[in-house]
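Q: Please work out how this folds:
(chains A, B, C and D, ligands or ions: 4)
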Amino acid sequence: MTVLDQPVWHPRTEPAPLLPDAEPYRVLGTPQARTLEPGLLTELYGRLVRGRRYNRQATALTKQGRLAVYPSSTGQEACQIAAALALRPQDWIFPSYRDTLAVVARGVDPVQVLTLLRGDWHSGYDSRACHVAPLSTPLATQLPHAVGLAHAARLQGDDVVALAMVGDGGTSEGDFHEALNFAAVWRAPVVFFVQNNGFAISVPLAKQTAAPSFAHKAVGYGMPGRLVDGNDAAAVHEVLTEAVRQAREGGGPTLVEAVTYRIEAHTNADDAGRYRDDAEVEAWRDRDPIALLEQELRARGLFDESLVSEVEDDAERMAADLRDRMNEDPALDPMDLFAHVYAEPTPQLREQAEMLRAELDAEAGS
Amino acid sequence: MTVLDQPVWHPRTEPAPLLPDAEPYRVLGTPQARTLEPGLLTELYGRLVRGRRYNRQATALTKQGRLAVYPSSTGQEACQIAAALALRPQDWIFPSYRDTLAVVARGVDPVQVLTLLRGDWHSGYDSRACHVAPLSTPLATQLPHAVGLAHAARLQGDDVVALAMVGDGGTSEGDFHEALNFAAVWRAPVVFFVQNNGFAISVPLAKQTAAPSFAHKAVGYGMPGRLVDGNDAAAVHEVLTEAVRQAREGGGPTLVEAVTYRIEAHTNADDAGRYRDDAEVEAWRDRDPIALLEQELRARGLFDESLVSEVEDDAERMAADLRDRMNEDPALDPMDLFAHVYAEPTPQLREQAEMLRAELDAEAGS
Amino acid sequence: MTTALATARATARKPATMAQALNRALRDALADDPSVHLLGEDIGTLGGVFRITDGLAKEFGDSRCTDTPLAEAGILGTAVGMAMYGLRPVVEMQFDAFAYPAFEQLVSHVSRMRNRTRGELPLPLTIRVPYGGGIGGVEHHSDSSEAYYLHTPGLHVVTPATVADAYGLLRAAIASDDPVIFLEPKRLYWSKADWSPDAPDEVPGIGQAVVRRPGRSATLITYGPSVPVCLEAAEAAEADGWDLEVLDLRSLMPFDDETLTASVRRTGRAVVVHESAGFGGAGAEIAARVTERCFHHLEAPVLRVTGFDIPYPPPMLERHHLPSVDRILDAVARLQWDEGGA
Amino acid sequence: MTTALATARATARKPATMAQALNRALRDALADDPSVHLLGEDIGTLGGVFRITDGLAKEFGDSRCTDTPLAEAGILGTAVGMAMYGLRPVVEMQFDAFAYPAFEQLVSHVSRMRNRTRGELPLPLTIRVPYGGGIGGVEHHSDSSEAYYLHTPGLHVVTPATVADAYGLLRAAIASDDPVIFLEPKRLYWSKADWSPDAPDEVPGIGQAVVRRPGRSATLITYGPSVPVCLEAAEAAEADGWDLEVLDLRSLMPFDDETLTASVRRTGRAVVVHESAGFGGAGAEIAARVTERCFHHLEAPVLRVTGFDIPYPPPMLERHHLPSVDRILDAVARLQWDEGGA
Ligand SMILES: Cc1ncc(C[n+]2csc(CCOP(=O)(O)OP(=O)(O)O)c2C)c(N)n1
Ligand SMILES: Cc1ncc(C[n+]2csc(CCOP(=O)(O)OP(=O)(O)O)c2C)c(N)n1
Ligand SMILES: [Mg+2]
Ligand SMILES: [Mg+2]
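A: Numbers count the residues shown, from 1 in each chain, chains lettered A, B, ... in the order given. Ligands and ions are numbered 1, 2, ... in the order given. This next block holds a predicted model:
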């Protein structure tokens, strides 16, 4: 089936959307949580623990000089894991620099994921093969890409959803607005996922927006907006899965805001003590996404020694493997600088490559 | 009084805004209209008639080669006049290329207003003196200027409101989003005024947005949104005046959408027959802003011969004066090309100016 | 890489405008390749403000020739996503100055995606930008922005000056697996020539300059809207005894050093002509590299005739800004004819 | 227009970094002129990611040193409005590549507002842009974008290479009634010199190049982050018997033709050095205009040592991209010493 000959927009006559809920949607700790599959809860738990371990290991690698920089998603693991789990293999994810964990959870080799932050190349995995766009550094610029890709897939008659990730700060960029508008007008199968972690580097939410929530922005594009507790893995998982389903079924884009908190500094290079109190961080630890899951598992009698040790062994294995492989120096060929600028190097680049080749030969010879 | 030492943003704890009305706000033809001052009604009527005459005259000037191009606001006169009347002398207006009539209604010399479109210079009036920003051609780019100016005035303790005008098409630009967000976060005294005339050149509303209305976009910025019938001069006047008052009183920005219709082609150079039916245009003539006012005046017994002839004489005088003065060739000095690029010309520009001077002297001599 | 097939011409040549040739190039590309998709403002029902996409939405449907919302970064950004999925988007920017909102997408993504992903995500994207002045446009409608693009590694930048090149270069741009900035000289849209889309020897590849008029005294190096001006200057120069070669670059990146160097080595003198501001303009690069490569053949420094270093003037003054035949001849006269031989 | 007052130095010089000098310049400007307002991302409580605005929000309040929402076009666009009202905004773009979203505001408004309004609405705006590589930054954190700016009429473009110039040029930029792009070489932020803000002879005006090292054999023409590299090259060249002059442009627009021309006429040879891609870079303009003005004094073509025409490399490869002492010496060696005299 193809939609080639249908108009790709819909008329502006839909009923006015409802305002999103004023309070973030929660599942863990509510009666509804009791209906969740035990398998889902233990899987989420295992992945979150593993995710946190990954964040810890990556941060350690910066101290050992093995990573140029690392923006940790500690505290945001529920968002990261839920984003990966909500997607099917054919779906695409458009991550930003902080979303390495989501990409790893999707199954991409962690070493390849860290290529950008290690500094050996700009992107380390094959985007086409794993359906993961390169980690985006310029904020919000990846959002229109997600819309275009989802639109293209729909035009081709393919069942593909794009999940586009952005931070609270990134929502202020013009690209955020343009992407949401194009998606709504084209009714593209996209899910916009805002991780509101309270800060854009040092800038707190109150200086970023006066909106009641980012989910409320959906109203102005004529799309549904959902506000969810970003530390409640079950809730984020449910809301994203539902948004993906809706997109697949032709229901168009959804804007999801997950309210969470950046526990670490912006990156290892940042000093969060300059702009926020430890007390605030401590307060958020009470709503730690792993602790919330643990409570639920305990309440359901699913939390036991064997789960814990299995999960921790798994996390340690991943961490050890990551550490070992990141400690190897990547093999780099300076001539690659010229290899992929164009399909064929221009005469100008050929000249320049020759010059570098001669220098390298001289270096090697001397 | 100055706000210098207060934080210029407010926290994100306000109650969630209400959704704007689903139907545009109307006054003419409703019982409320009966309470309006007769003076206001006759003034609006006179100004609208004069405004339409101005549009007609300007269009005629394009045919005579006296204007390079003219984007007519015929059909949108109620919006244009109300925008001008809602402001006090110290307030600023940020018009786009279609808003020449609002600028004229504000009291700027019509010949100076047409400078851009005549082609003798890029802007013809003294913006600082009349508090009118240059007509903006790049869409939506003037909106952040309005926010910055209003913010600056507020920081200086001055009582100044900025009215920022944009079309339905312009709302899709990133600058629209960024301007509204800055205004909301800074609580700047700005009124954003969207004239939704159904088209961006040939592109109809349904391809521009999927929102229930542009007023609904206000929700996502945490500011009030108002939807108003743009052909009802009394309603637009009331809504804008109210929004300006609120901005003055520290209530922050408002987003106003006026639903109207572009009766003429995009400009004289455009052929609207390629993309819309005459029937649609005819249907909108039933809601002609001048006719709506006339009906109200008749109902109130205020519409008589003397009003009509006074108004028409006034409009004809304006038109004749405009025609006569636009028929004079503007005095141009090519050396002006170098006069205002910088406060002081660079050595490079001095060289280039000398070259042109020599050419002009040679031309004059030969 | 000219596809200069020596086949017989199938169709008789007929007078056509550059606008018509561009329209035909888009039509043929859409017909030949289902992955080609056009995006832009007013390109659908209206057929574009310059009518370059006239009739295409009707023939190929709204999904192949799409009127987008009014947001240039959004247009280019979504086109990037479409290209990532394997489509071949052709974007229209309505006017030169209205491409600036898309600058970040262009520089940070379009030009770098292939390199970023080691070739895994090439972006076969064409960005059509009507450019240049001389049409009496009000502010922001007459910019020449090529210098911004040619300085951005990862982009190709081409611009036709003839009806045949308009067709051939646009087909080549769309067929290219790299992003191409396709600059259309507005004031040549209505220029005419006898032309047939089926004449294959008229399909130039990207990266090849062409000698439009051979000559021995000096080389006028130019491109796009200034090509006809230079040809006119060369005609006029004959009266003064100068036999000027006119070289049309066609492609600013890749750059055809070979053709250019050969010409200037032969003539020993050169003037670069373009509309955009001279300071840091394309002419600076051209003059610098010609000098690097032809230093000992040069009888005089390479001179530049360009727009002034000012914002583009209002319509009533633009003629004073644009490179004119007289200014070109003045520059030729300053090529130190006393010291070297013509 | 140096304010080279011959007054006694009030304060002793102390070691200071360029970052400290910039911070001091902002502080003094805020203190001296209530119309100066700083805008940017993270410039308030944090003091900027490079700490250039450290302490200023605390000292002058949030309204004078404002953390804006995260939107560069919005920052520059609101700064334009503030300048229209008579303020003197100083904008920080967090990194070079993150200035691109503001490109339309820059080109279509910042550079043209004065001209558009015949001088009625000047925009006394300073745009601070940390630029250049060599700091191991990941993609988008090491661009050199000066060529885009210097080709945009209506902008001034300056870049300091020393601690004293950082202070003096930034004060001059903020005091200027025209918009100034103030390019801060990131990797020189932590470079140190003995310096006092009260030494008035160290306050250069905008538009003046300076000879950093006199020499007779050839001129190295450079600016910003490449100045120390050229000085090092000049030292190294002594061993080979070359006495190189090093010229720091400081201002790319306006351009100091006088100083440059005098130097090259004297030395007869020149190499231009900068980090950004060579094609269409600042070096093209410099080489072209030096050649136009010094043709008969040149023993060899002006050569360029620049970054390659590639997207900026990842940290582990950047050293292969940046102009190095060796590459500069290689270029010097190619200045045809056999044919002319040293
Ligand atoms: C266009 C752009 N401007 C500025 C930056 C510099 N920068 C990097 S991260 C960041 C803050 C982002 O905050 P947010 O979007 O909330 O994401 P978070 O870091 O909290 O995940 C900034 C300003 C950038 N990367 N891109
Ligand atoms: C940034 C930018 N992109 C494109 C254009 C070309 N253009 C001029 S008017 C117009 C349509 C504007 O529509 P709308 O905002 O609805 O205003 P209206 O003309 O209806 O008053 C377009 C696309 C422009 N002026 N600026
Ligand atoms: Mg954040
Ligand atoms: Mg409109």
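
Q: and residue 64, how many residues sit next to it?
A: All of this refers to chain A. Neighbour count for A:Q64, taken as other Cβ atoms under 10 Å in any protein chain shown: 10. Where C-beta positions appear, they are placed from N, C-alpha and C, glycine not excepted.

Q: Sorry, I should have been clearer: chain C.
A: Counted with other Cβ under 10 Å, the neighbours of C:R64 add up to 19.

Q: Look up how far C:A57 lies from it.
A: Distance from C:R64 to C:A57, counting by Cβ to Cβ, to the nearest Å: 8 Å.

Q: Can you show me the helices along the stretch 51-200 of chain A?
A: Using DSSP state H, counting those that start in this stretch, the helices of the stretch 51-200 of chain A run over residues A:77-85, A:100-105, A:110-113, A:115-118, A:127-130, A:142-155, A:174-186.

Q: closest to ligand 4 out of those?
A: helix A:174-186 (15.1 Å; Cβ to the ion).

Q: and the angle for that closest one with helix A:142-155?
A: Calculated by axes from the mean of the first three to the mean of the last three Cα atoms, to 10 degrees, helix A:174-186 forms an angle of 20 degrees with helix A:142-155.

Q: what about helix A:174-186 and ligand 1, any contact?
A: No. Counting by Cβ under 6 Å from any ligand atom, ligand 1 has no neighbours in helix A:174-186; the shortest distance is 8.3 Å.

Q: and the chain, what are its domains?
A: Just so you know, I chose chain A. Chain A breaks down into these domains under automatic domain parsing: A:10-332, A:334-366.

Q: hm, I was asking about chain C
A: Taken from automatic domain parsing, chain C resolves into C:3-195, C:210-339.

Q: for the helix or strand where A:E242 lies, what is the average pLDDT?
A: Taking DSSP states H and E as the criterion, A:E242 maps to helix A:233-248. In this model, helix A:233-248 carries a mean pLDDT of 98.

Q: again with stretch C:51-63
A: The pLDDT scores in stretch C:51-63 average 98.

Q: Could I get the CA-only coordinates of that stretch as PDB?
A: Output in PDB follows, covering the C-alpha atoms of stretch C:51-63 (Å, rounded to 0.1, in the frame of the first residue of the first chain):
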ATOM      1  CA  ARG C  51       7.200  29.000 -12.400                       C
ATOM      2  CA  ILE C  52      10.100  26.600 -12.400                       C
ATOM      3  CA  THR C  53       7.900  23.800 -11.100                       C
ATOM      4  CA  ASP C  54       5.000  24.600 -13.300                       C
ATOM      5  CA  GLY C  55       2.700  21.700 -13.800                       C
ATOM      6  CA  LEU C  56       4.800  19.200 -11.900                       C
ATOM      7  CA  ALA C  57       2.400  18.800  -8.900                       C
ATOM      8  CA  LYS C  58      -0.400  18.100 -11.400                       C
ATOM      9  CA  GLU C  59       1.600  15.600 -13.300                       C
ATOM     10  CA  PHE C  60       3.300  13.800 -10.400                       C
ATOM     11  CA  GLY C  61       1.000  14.400  -7.400                       C
ATOM     12  CA  ASP C  62       1.300  16.500  -4.300                       C
ATOM     13  CA  SER C  63       3.600  13.900  -2.700                       C
END
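
Q: Report the buried residues of the helix holding A:E242.
A: Neighbour counts over helix A:233-248 (16 or more other Cβ atoms under 10 Å in any protein chain shown) mark A:233-240, A:242-244, A:246-247 as buried.

Q: ditto for stretch C:297-308
A: C:L298, C:E299, C:A300, C:P301, C:V302, C:L303, C:R304, C:V305, C:T306, C:G307, C:F308.

Q: and what of stretch A:145-159?
A: Buried residues in stretch A:145-159, counted by 16+ other Cβ under 10 Å: A:H145, A:A146, A:V147, A:G148, A:L149, A:A150, A:H151, A:A152, A:A153, A:R154, A:L155, A:Q156.

Q: need those in a markdown table with pLDDT and distance to chain D, can you?
A: As requested, the buried residues of stretch A:145-159 are arranged in a markdown table below (pLDDT from 0 to 100; distance: Cβ to the nearest Cβ, whole Å):
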| residue | pLDDT | distance to chain D |
| --- | --- | --- |
| A:H145 | 98 | 15 |
| A:A146 | 99 | 18 |
| A:V147 | 98 | 18 |
| A:G148 | 98 | 18 |
| A:L149 | 98 | 20 |
| A:A150 | 98 | 23 |
| A:H151 | 98 | 23 |
| A:A152 | 98 | 24 |
| A:A153 | 98 | 26 |
| A:R154 | 97 | 28 |
| A:L155 | 97 | 28 |
| A:Q156 | 97 | 30 |
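
Q: in which helix or strand would I find the residue lying closest to C:F60 once chain neighbours are set aside?
A: Nearest residue to C:F60, sequence neighbours excluded (Cβ to Cβ, 6 or more residues apart in numbering or on different chains): C:L30, at 5.0 Å. Secondary structure from DSSP H and E places C:L30 in helix C:18-32.

Q: do the same with A:A315
A: Assigned by DSSP H and E, A:A315 belongs to helix A:305-326.

Q: how distant is that helix from the center of its chain?
A: Averaging C-alpha positions (Cα atoms, centre = their mean, to the nearest Å) puts helix A:305-326 22 Å from its chain's average.

Q: do stretch A:75-91 as well
A: Its chain's average C-alpha position is 7 Å from that of stretch A:75-91, according to Cα atoms, centre = their mean.

Q: how far does it stretch from start to finish?
A: 25 Å (Cα to Cα, to the nearest Å).

Q: Same question for that stretch: list its buried residues.
A: A:75-87, A:91.

Q: Closest one of those residues to chain C?
A: The shortest approach to chain C among the buried residues of stretch A:75-91 belongs to A:D91, at 12.3 Å (Cβ to the nearest Cβ).

Q: hmm, back to that, so can I have JSON lines of the buried residues of stretch C:297-308 showing secondary structure, pLDDT and distance to chain A?
A: Shown next, in JSON lines, are these (DSSP: H, G, I helix; E, B strand; the rest coil; pLDDT from 0 to 100; distance: Cβ to the nearest Cβ, whole Å):
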{"residue": "C:L298", "secondary structure": "coil", "pLDDT": "97", "distance to chain A": "21"}
{"residue": "C:E299", "secondary structure": "coil", "pLDDT": "97", "distance to chain A": "26"}
{"residue": "C:A300", "secondary structure": "coil", "pLDDT": "97", "distance to chain A": "26"}
{"residue": "C:P301", "secondary structure": "coil", "pLDDT": "98", "distance to chain A": "23"}
{"residue": "C:V302", "secondary structure": "coil", "pLDDT": "98", "distance to chain A": "18"}
{"residue": "C:L303", "secondary structure": "strand", "pLDDT": "98", "distance to chain A": "23"}
{"residue": "C:R304", "secondary structure": "strand", "pLDDT": "98", "distance to chain A": "21"}
{"residue": "C:V305", "secondary structure": "strand", "pLDDT": "98", "distance to chain A": "25"}
{"residue": "C:T306", "secondary structure": "strand", "pLDDT": "98", "distance to chain A": "22"}
{"residue": "C:G307", "secondary structure": "strand", "pLDDT": "98", "distance to chain A": "25"}
{"residue": "C:F308", "secondary structure": "coil", "pLDDT": "98", "distance to chain A": "29"}
